[in-house]
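Asks: With the sequence up front, the predicted model follows.
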Amino acid sequence: MDLFTHVIFAYLLSFVLWGPATPWYIAAGAMAGGLPDSDVLFYPLAKRFPLLRHHGITHSILGATAVAGAGSVIVPYILAPFIPGTPTDLAAGTTLRFFVAMLLGGLSHVFLDGFTHFSVPPLAPFSHREFALHADRAINLGMTALTVATLVTLIWENRNPSVVPVSLWIETAWVLVVIYGGYLVARGLGRWRAGEARASGGYSAVIPTGNPVVWFLVDETITPERYHLRYRRYVLGKGYTMPERTVDVAKSPRGTGPVLTPQEALNRSYAPAMQKNGFLHSSYHFGEAERKGAFFEVVWYSIEFAMLGRAPGVRVRVEAESGKVQFVGGNFLRPPAAAGI
């Protein structure tokens, strides 16, 4: 998830746990919810110290605990100018409570990243085993739009205290708790049911889409000689909404001579397509070929990172007579309708 969405989730969690009467704990928790992504500042050191990479030590229980420990001492002084009656009211907030508030905010970040298809190492540095539930997309345009609307609303309310009563701020927060909490429940339920369908269908992975009720079930086999993928679209509450689709290609077919069938066009274009678009090579991908007169039009596209009816991919033209491969489009293209994306 993006940084601001993490902050909003931590803000709402802190609101539920601490209540509106102690906004300094809410602020501390919200700050901690965004701090794990500060690991991007360590990028120059990450090659030498792998634990400092993005989604490394800061996205672990130990990392969140260390940040909370330091923050419990530093953050009260940062918040002091904004707390009425300081230092009297601030003294009521003990270091332990600030520590707990920031620890829970930081752990919410670790959990939410693990909730998506971007893995985190929760037990680092003691274990490098990574966790990813694959229940949501790390980059979700719908959630990003909701986050932007939430930030605009909260900023407007807090900048206009003479117009917006505290009661309205509290009501707004509870409405947002229901919306964001309901979103997590819907995603979790969808992942559970899609997981059941994956097991019964013999698939190896579940892929979330930008729509909380739509999932792709995939099974991929890769050998030095061949690439095989089968997938099917699953909708929560409806089940399968399209037949299973399969692609099976030879990675290194003969490189010259005429191409007579769509399968030969897929074989001939596979290696060039993977070289052209590294994004395809690093994700679940699918290909389709269609004869169009003197050539075959082939589309290779990512199943894993599709959204809004489009997907990263390349469009290739394979001449039937010579077998020559020519790229005619790519980047973020619209797959054939049968793809179900």
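Replies: Sure, I can see it. Numbers count the residues shown, from 1 in each chain.

Asks: can we go C-alpha only for contacts and neighbour counts from here?
Replies: OK.

Asks: Okay, residue 73 and residue 36: tell me how far apart.
Replies: 18 Å (CA to CA, to the nearest Å).

Asks: what ranges of the chain fall below the confidence cut-off?
Replies: Residues of the chain that meet the criterion pLDDT under 70 lie in 82-93, 160-163.

Asks: Past the one helix or strand residue 184 maps to, which element shows up next along the chain?
Replies: According to DSSP states H and E, residue 184 maps onto helix 166-201. Of the helices and strands lying after helix 166-201 in sequence (DSSP H and E), the nearest is strand 205-208.

Asks: who does that next one touch, helix- and strand-wise?
Replies: With contacts taken as 3 or more CA pairs under 8 Å, 6 or more residues apart in numbering; DSSP states H and E, strand 205-208 sits against helix 166-201, strand 214-222.

Asks: Let me know the angle separating the helix or strand following the last one from strand 214-222.
Replies: Which is strand 214-222. Toward the C-terminus, strand 214-222 is succeeded by strand 226-235 as the next helix or strand (DSSP H and E). Here the directions of strand 226-235 and strand 214-222 differ by 170 degrees (axes from the mean of the first three to the mean of the last three CA atoms, to 10 degrees).

Asks: Touching strand 226-235 from outside, list them.
Replies: 194, 203, 213-222, 240-251, 284-286, 340 (CA atoms under 8 Å, 6 or more residues apart in numbering).

Asks: Could you do stretch 4-17 as well?
Replies: Contacts of stretch 4-17 (CA under 8 Å, 6+ apart): 23, 25-27, 29-34, 101, 104-106, 108-109, 112, 143-144, 147, 150-151, 173, 176-177, 180.

Asks: hmm, back to that, among residue 73 and residue 36, which residue is more densely surrounded?
Replies: residue 36 (25 against 15; other CA atoms under 10 Å).

Asks: ok but the more buried one is inside a strand, no?
Replies: No. The assignment for residue 36, made by DSSP: H, G, I helix; E, B strand; the rest coil, is helix rather than a strand.

Asks: Next, the contact list for it, please.
Replies: Here residue 36 is in contact with 58, 59, 63, 64, 106, 109, 110 (CA under 8 Å, 6+ apart).

Asks: how much space between the residue lying closest to the third one once chain neighbours are set aside and residue 51?
Replies: Of all residues beyond its chain neighbours, the one nearest residue 63 is residue 57 (5.5 Å), with distances taken as CA to CA, 6 or more residues apart in numbering. Between residue 57 and residue 51 the distance is 5 Å, computed by CA to CA.
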